[in-house]
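Student: Give me a 3D structure for the following:
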Amino acid sequence: MLFTPIAELDPKSTNAAIRVRIIRKWEFRGATNDGPLRHVNLILADEQGTAIHAEIQAALVADKGSLIQIDKVYELKRFRVAPSRNYYKPVDNSMMIQFTLYTQAKLVQDPPPTFPRYAYKLTSFENIGNNVDNKTYLIDVLGILTEIGSLHHVGYNNSNIIRDIFLKDINNTSTKVTLWGHQASSFSVDNNCDENDNKPVVVLFVGCLAKRFKGEAYLSATAACTWYFNPDIPEAQVYYSKLVNTKLQMIRPEATEQEFQASQTLNIEDKTIEELLQLDPDMFPQQGFKCTVTISRLVQDGRWWFPSCIKCNKSSS
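Tutor: Below you'll find the predicted structure:
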């Protein structure tokens with residue numbers, strides 16, 4: 001079978017067949033990542049090293065999504081090619097692939113070793129601050145792992161779990177990556193380094209957003225975020241050469257009872273607006289309820305209000 005290179009795909013490629021490795025796979029459940037499943041996302045790469053974003057809508061996930069596994073190579077055909085969205089793009093490609101009811105995926109047995117295992121476009125630590133307002137692309141970075149922060153709760157009624165990861169680059173410039181929810185609780189280097197030998201660990205983070213807090217730029221993980229320890233990529237070779245026979249005391253969190261409790265997901269009940277309005281406010285549980293809504297209109301000529309102190313007019317807590 002003749003396969004079309006990803007670089008040659010366009011919306012007219014109605015009968016194209018491609019052979020690709022599944023580089024990444026993640027679910028999208030809305031901005032807070034805890035709503036109903038909207039679509040499953042894939043990063044595909046062909047033998048030429050070109051990557052493209054693919055999407056499987058929620059209605060097709062049970063039929064199509066379960067067939068696709070990370071790191072496997074597939075022959076895909078009967079898919080739709082469309083212009084990629086111009087916001088939060090996980091790879092640099094003007095096109096994307098959309099699975100349809102008729103999309104076929106055939107697993108390739110014993111594929112050649114020419115398919116890439118990573119899809120990334122590195123941003124230097126110095127340029128993270130310049131990308132805070134850039135919503136076109138997600139950000140990928142490479143650095144040495146220097147500290148793993150403890151799990152802790154944030155947000156309303158401590159409903160979110162986060163963990164801060166600290167990196168430094170080859171020039172000793174530092175940055176922070178904040179992981180959320182399951183990503184925060186699952187981050188571990190136990191299988192990649194021995195705590196006693198202090199050997200440096202190089203990490204490739206992909207799928208982040210640049211943000212700023214109290215004047216400091218940092219990276220925040222999105223649903224598309226994943227990480228690779230000691231990746232086999234050309235940019236990492238500089239680190240490996242420099243770090244030969246180097247020891248680095250990585251700061252790790254202590255396994256405390258508080259962190260164990262923080263890792264447990266709170267069971268917050270879903271409610272509709274109608275159900276919330278019928279509840280007695282004094283009967284609300286301490287953790288509150290969860291309500292997913294869509295903002296349909298903003299009142300431009302109305303003033304915002306909040307509970308405040310009657311003397312100083314500042315927000316009351």
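Student: quick one: Ala184 and Leu151 touch, right?
Tutor: Yes - when contacts are counted by C-beta atoms under 8 Å, Ala184 is listed as touching Leu151 (6.0 Å). (Each C-beta comes from the backbone N, C-alpha and C, glycine too.)
Student: what residues are up against the residue lying closest to Thr272 once chain neighbours are set aside?
Tutor: Nearest residue to Thr272 in three dimensions, chain neighbours excluded: Cys291, at 6.8 Å (C-beta to C-beta, 6 or more residues apart in numbering). Residues touching Cys291, when contacts are defined by C-beta atoms under 8 Å, 6 or more residues apart in numbering, comprise 270-273, 276.
Student: circling back: hey, what's in contact with both of Ala184 and Leu151?
Tutor: Residues touching both Ala184 and Leu151 (C-beta under 8 Å, 6+ apart): 161-163.
Student: now the strands for the protein?
Tutor: 17-28, 39-45, 51-57, 73-77, 80-83, 95-98, 104-107, 139-148, 152-154, 160-168, 174-180, 202-213, 216-229 (DSSP state E).
Student: Distance to Arg297 and mean neighbour count for those strands - can I get that in JSON lines?
Tutor: JSON lines is the format used below for the strands of the chain (distance: least, C-beta to C-beta, whole Å; neighbours: other C-beta atoms under 10 Å):
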{"stretch": "strand 17-28", "distance to Arg297": "25", "mean neighbour count": "20"}
{"stretch": "strand 39-45", "distance to Arg297": "26", "mean neighbour count": "23"}
{"stretch": "strand 51-57", "distance to Arg297": "27", "mean neighbour count": "22"}
{"stretch": "strand 73-77", "distance to Arg297": "41", "mean neighbour count": "19"}
{"stretch": "strand 80-83", "distance to Arg297": "29", "mean neighbour count": "15"}
{"stretch": "strand 95-98", "distance to Arg297": "30", "mean neighbour count": "20"}
{"stretch": "strand 104-107", "distance to Arg297": "42", "mean neighbour count": "14"}
{"stretch": "strand 139-148", "distance to Arg297": "33", "mean neighbour count": "21"}
{"stretch": "strand 152-154", "distance to Arg297": "29", "mean neighbour count": "14"}
{"stretch": "strand 160-168", "distance to Arg297": "28", "mean neighbour count": "20"}
{"stretch": "strand 174-180", "distance to Arg297": "29", "mean neighbour count": "21"}
{"stretch": "strand 202-213", "distance to Arg297": "27", "mean neighbour count": "20"}
{"stretch": "strand 216-229", "distance to Arg297": "27", "mean neighbour count": "19"}
